[in-house]
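Trainee: Just need the structure, nothing else, for what follows:
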Amino acid sequence: MSNTTTEQRRVQTGVHFMLGNYAVAEGAIAAGCDFFAGYPITPANEISERMSQRLPEVGGVFLQGEDELCSINAVIGASLAGAKAMTATASAGYNYMQEGIEYAVAIEAPCVIVDVQRCRGENFATQADVMQMRWGAAGDHEMIVLAPSSVQELFDYTIWAFNLAEQFRTPVVVMSETTIALMRERLAIPEPDKIQLYNRKYTKLPPGEYLPFKAPENGVPDAAPLGKGYAAIYSINPHDERGRIDWDPEVFDRLYQRITGKITENRDIICKTESFHLDDAEIALIAYGSEVRPALDAVEMARNDGKKVGLLKLATVWPTPEEQIRTVAQNVGTVVTVEMNIGRYAYEVERICAGHCKTARITKNRGLVHSPEEIYHALKEVIA
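Mentor: Residues are numbered from 1 along each chain as shown. Below is the predicted model:
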């Protein structure tokens, strides 16, 4: 098979009317994913289904795990072997993966995890996993979590997730939702040469000089190819630059300062937001995921009524885009967090806004996305 044919098979260039879960799979394949492991769970099953069909077409491997623990650990093993690897699950399944995610963080194994959020046991809409994605794994760690709001962004953000995972050698979560996962929308897939891909950096040192966890302060260690004589121990325990288990507090501290620092000190590279009507706004809505859509409609409704309202869309939820939120808070009178839960991420927003402006919340967790009218009605109460 020629390289051109492989690229054409990987990247289904053109305009499609596609299910959100299929868009995730197509984004992963386009990003170079060559290993997927998953266990059936609604509403994420279509991702596994599509990957089981598409990966063999491009020389990849699909594994049907017996459970979520198998799936996440298979993904980690494949990653260490050099694969671009991914799994997908839904809220309950994501709970089971926490120990594996903790391990991936500790050994710096790049991988992508898609969590299609649902209400407990039912395929109804929610954003209640937003704190679980950040804090679920044990130990000091940072997480990168992306929040798409459309089928197009499910494709685009999955590619982005693979690039971030490879660049920072860390698990990256795509925070999907029942709403967009099971929605069909227009999806435009570009030509292969228009898709920017980041591949992990491999060491140029000979095996005798290579230290698998040596990196600059807040930096990312170079990877080593498997089966080429590079010895490495991948332990969840505190380990030194060679990978040997070392319980010395100084060793432990240096390790986790670097592992967390490579994320927090690169917020300017990782964090992305979009602004709508914020230039003259007196009130700013902040939303992420599918709630961006009705929030933007509500902003337009407010603008039509002569109210100066704007919207900050969070493409990156974790790490928190603090600078972008703070800038908004310093230029408006009130910041209102809109989310589909009982008010979780609002605490982050309010922490950053403290001392700069007033804050309010528009939240609900009833299995349905807010309607624009609901948001606008609540917004009028805030204005009053």
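Trainee: who's in contact with His141?
Mentor: Glu102, Val105, Ala106, Tyr256, Ile259, Thr260 (CB atoms under 8 Å, 6 or more residues apart in numbering). Quick note: C-beta positions are derived from backbone N, CA and C, even for glycine.
Trainee: what about 6 Å?
Mentor: The contact partners of His141, by CB atoms under 6 Å, 6 or more residues apart in numbering, come to Val105.
Trainee: Show the model's pLDDT score for it.
Mentor: The confidence metric pLDDT takes the value 95 at His141.
Trainee: Please report the distance of it from Lys262.
Mentor: 11 Å (CB to CB, to the nearest Å).
Trainee: Then Val105?
Mentor: In terms of CB to CB, Val105 sits 11 Å off from Lys262.
Trainee: Please report the residue range of the longest helix in the protein.
Mentor: What stands out as the longest helix in the chain, according to DSSP state H, is helix 151-168.
Trainee: And that helix, what does it pack against?
Mentor: Secondary-structure packing of helix 151-168 (3 or more CB pairs under 6 Å, 6 or more residues apart in numbering; DSSP states H and E): helix 20-31, strand 111-117, strand 144-146, strand 171-177, strand 184-189.
Trainee: Would you pull up how far it lies from the middle of the chain?
Mentor: How far helix 151-168 lies from its chain's middle: 8 Å, per CA atoms, centre = their mean, to the nearest Å.
Trainee: Next: stretch 365-383.
Mentor: 26 Å.
Trainee: Next: stretch 128-138.
Mentor: Relative to its chain's centre, stretch 128-138 lies at 12 Å (CA atoms, centre = their mean).
Trainee: in it, what counts as buried?
Mentor: Burial within stretch 128-138, assessed by neighbour count using 16 or more other CB atoms under 10 Å, is assigned to Ala128, Asp129, Val130, Gln132, Met133, Arg134, Gly136, Ala137.
Trainee: helix or strand for the fifth one, which one?
Mentor: Assigned by DSSP states H and E, Met133 belongs to helix 130-135.
Trainee: Packing partners of that helix?
Mentor: Using 3+ CB pairs under 6 Å, 6+ apart, no helix or strand is in contact with helix 130-135.
Trainee: Give me the domain ranges for the chain.
Mentor: If you go by automatic domain parsing, the domain ranges for the chain are 3-194, 272-383.
Trainee: what's the burial count for the spatially closest residue to Asn163 that is not a sequence neighbour?
Mentor: Nearest residue to Asn163, sequence neighbours excluded (CB to CB, 6 or more residues apart in numbering): Tyr198, at 4.0 Å. Neighbours of Tyr198 under the rule other CB atoms under 10 Å: 17.
Trainee: Could you pull up the residues touching Tyr198?
Mentor: Residues in contact with Tyr198, defined by CB under 6 Å, 6+ apart, are Asn163, Glu166, Gln167.
Trainee: if you set the cut-off to 8 Å instead, what comes out?
Mentor: Residues in contact with Tyr198 (CB under 8 Å, 6+ apart) are Phe162, Asn163, Leu164, Glu166, Gln167.
Trainee: before we move on, what about Ala281?
Mentor: Per CB under 8 Å, 6+ apart, neighbours of Ala281: Lys308, Val309, Gly310, Asn331, Val332.
Trainee: Look up phi and psi at the residue nearest to it when sequence neighbours are not counted.
Mentor: With CB to CB, 6+ apart as the criterion, Ala281 has its nearest non-adjacent residue at 3.3 Å, and that residue is Gly310. For Gly310, the backbone dihedrals are phi -130, psi 180 (criterion: degrees, to the nearest 10).
Trainee: Same check on Glu46?
Mentor: When read as degrees, to the nearest 10, the backbone of Glu46 gives phi -60, psi -20.
Trainee: okay, now it: neighbour count?
Mentor: Glu46, neighbours per other CB under 10 Å, totals 20.
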